[in-house]
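# below is the sequence, then the predicted model.
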Amino acid sequence: MSQAARRPRVGFLGTGWIGRHRMQAMVETGAIEAVAVADPDPESADLAGRIAPAAALLPDLAALLDHGLDGLVIATPSALHAEQSIAALNRGVAVFCQKPLGRSAAEARAVVEAARAADRLLAVDLSYRRTAAVEAIAQAIRGGELGRVFAVDLTFHNAYGPGKPWFFDRAQSGGGCVVDLGVHLVDLALWLLDDPAVERVGSRLFAGGQPLLPGSSEVEDYAIARLDCAGGAAVRLACSWHLHAGQDAVIEAGFYGTEGAATLRNIGGSFYDFEARLNRGTDSTRLASPPDDWGGRAAADWARALAQAPGFDRAAERLVDLSAVLDRFYAPDDRHNHPR
């Protein structure tokens, strides 16, 4: 049998801009074969078909799962992620899903348990950790250049906000800017700190400039939080939609240690261009800078992993911990998400 014939057969569910971009990244690895596409929007499905002309255009998830897949890439609305992932895993199909994996830790846990039971690869597109800037910061932290990291400051402000109505429906999205943007900040903090337990969470959530009341059906468009981690590190973060940011986006991260600091910032309001620096006192050294084509790296990594080791990867277990921390933004330990 030829090497090409042995490539995993992958289907793509949801082929909007992100879905197509991840599809392109996977196809370019040569590790997988894109064999099927399903999207309710004919234009999106047609554009995806141009990336993989031999792929079958199918009507829905059921048809995809009947197509003899080894892997499924999911880029659909958040409310569908857990159910669709579990359906695929129960058929023995590995999954690469857009974030969030579920609207709650309970949903994420159910997906991870399905992956474990099926012994199939599961990953979520937490793409920012694959930027050259974050990878340089990871090397500095793990190489001991910062000493003991005791404080982390993180920011992700989006001057626009999402363009699809379901993002603003809590039942469909699971939350607002925390689930959309804050997930990346929490992931970066915990990943770079080697996944400490989060002992305490305090948050304030706002919608339209007003404190968000517990149990509200509204979703937050501004959030600030503090996470106290085992080992003593304190994480502060802020994220938002539709903020008067003066530019398209403000994306920043600072990791402060006893021997130095590493910082990340976006360039000129860009969502894609980042610079990382190593700071000691008033001295600063550049660690990474644009250009950096990072958006599809996590997808490409999954495609290669599927070809080489398609079984369950215990790294997926941390997805439950990540979701559990996000849940605590909405029921924080200090109950500061409503006015007193």
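Structure's in. What do you need?

# elements contacting the helix or strand harbouring residue 139?
Element membership for residue 139 (DSSP states H and E) is helix 132-142. Judged by 3 or more C-beta pairs under 8 Å, 6 or more residues apart in numbering; DSSP states H and E, the packing partners of helix 132-142 are helix 183-192, strand 249-257, strand 261-266, strand 274-280, strand 283-288. Every residue, glycine included, has its C-beta placed from N, CA and C.

# got these as JSON lines, with mean pLDDT columns?
Output for these, formatted as JSON lines (pLDDT from 0 to 100):
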{"stretch": "helix 183-192", "mean pLDDT": "97"}
{"stretch": "strand 249-257", "mean pLDDT": "98"}
{"stretch": "strand 261-266", "mean pLDDT": "98"}
{"stretch": "strand 274-280", "mean pLDDT": "98"}
{"stretch": "strand 283-288", "mean pLDDT": "98"}
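
# got a markdown table for these, with distance to residue 111 and mean neighbour count too?
A markdown table is the format used below for the helices and strands packed on helix 132-142 (distance: least, C-beta to C-beta, whole Å; neighbours: other C-beta atoms under 10 Å):
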| stretch | distance to residue 111 | mean neighbour count |
| --- | --- | --- |
| helix 183-192 | 15 | 22 |
| strand 249-257 | 28 | 21 |
| strand 261-266 | 29 | 21 |
| strand 274-280 | 30 | 19 |
| strand 283-288 | 33 | 14 |
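
# turn the ones you listed into CSV, including distance to residue 64.
Supplementary listing: the helices and strands packed on helix 132-142 in CSV, determined by distance: least, C-beta to C-beta, whole Å:
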stretch, distance to residue 64
helix 183-192, 26
strand 249-257, 34
strand 261-266, 36
strand 274-280, 35
strand 283-288, 38
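
# residue 158 is nearest to which of those?
strand 249-257 (5.5 Å; C-beta to C-beta).

# direction included, what does the closest one pair up with?
Using DSSP bridges, strand 249-257 pairs in its sheet with strand 149-158 (antiparallel), strand 261-266 (antiparallel).

# to residue 312, which of those lies closest?
Across the strands paired with strand 249-257, closest to residue 312 is strand 149-158 (C-beta to C-beta), at 30.1 Å.

# that closest one: how far from the chain's middle?
Distance of strand 149-158 from the chain centroid (C-alpha atoms, centre = their mean, to the nearest Å) equals 16 Å.

# sorry, back to before: put the alpha carbons of the helix holding residue 139 into CSV.
The C-alpha coordinates for helix 132-142 follow below in CSV (Å, rounded to 0.1, in the frame of the first residue of the first chain):
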residue,chain,number,x,y,z
ALA,A,132,6.8,32.5,17.7
ALA,A,133,6.4,35.1,20.4
VAL,A,134,4.8,32.8,23.0
GLU,A,135,7.1,30.0,22.1
ALA,A,136,10.1,32.3,22.8
ILE,A,137,8.5,33.3,26.2
ALA,A,138,8.0,29.6,27.0
GLN,A,139,11.7,28.9,26.3
ALA,A,140,12.7,31.8,28.5
ILE,A,141,10.5,30.7,31.4
ARG,A,142,11.4,27.0,31.2
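
# just the buried positions in that helix, please.
132, 133, 134, 135, 136, 137, 138, 140, 141 (16 or more other C-beta atoms under 10 Å).

# do the same with stretch 297-306
By neighbour count on 16+ other C-beta under 10 Å, the buried set for stretch 297-306 is 297, 298, 299, 300, 301, 302, 303, 305, 306.

# and if you look at stretch 217-231?
Neighbour count says stretch 217-231 has 218, 219, 220, 221, 222, 223, 224, 225, 226, 227, 228, 229 buried, by 16+ other C-beta under 10 Å.

# can you give me the separation between the fourth one and residue 174?
Here residue 221 is placed at a distance of 15 Å from residue 174 (C-beta to C-beta, to the nearest Å).

# before we move on, back to that, of the buried residues of stretch 297-306, which belong to helices?
297, 298, 299, 300, 301, 302, 303, 305, 306 (DSSP state H).

# contacts for stretch 126-139, please.
Identification of contacts with stretch 126-139 by C-beta atoms under 8 Å, 6 or more residues apart in numbering yields 99, 183-184, 187-188, 191-192, 253, 255, 262, 264, 274-276, 287-289, 292, 294-295, 297-299, 301.

# chain center to stretch 84-104, what's the gap?
14 Å.

# which parts of that stretch are buried?
84-89, 93-104.

# over to stretch 8-16?
8, 10, 11, 12, 13, 14, 15, 16.

# my guess is the first one meets residue 32, correct?
Just to be clear, that refers to residue 8. Yes. Residue 8 is within contact range of residue 32, at 5.0 Å (criterion: C-beta atoms under 8 Å).

# name the residues contacting each of the two.
Residues touching both residue 8 and residue 32 by C-beta under 8 Å, 6+ apart: 70, 71, 303, 306, 307.
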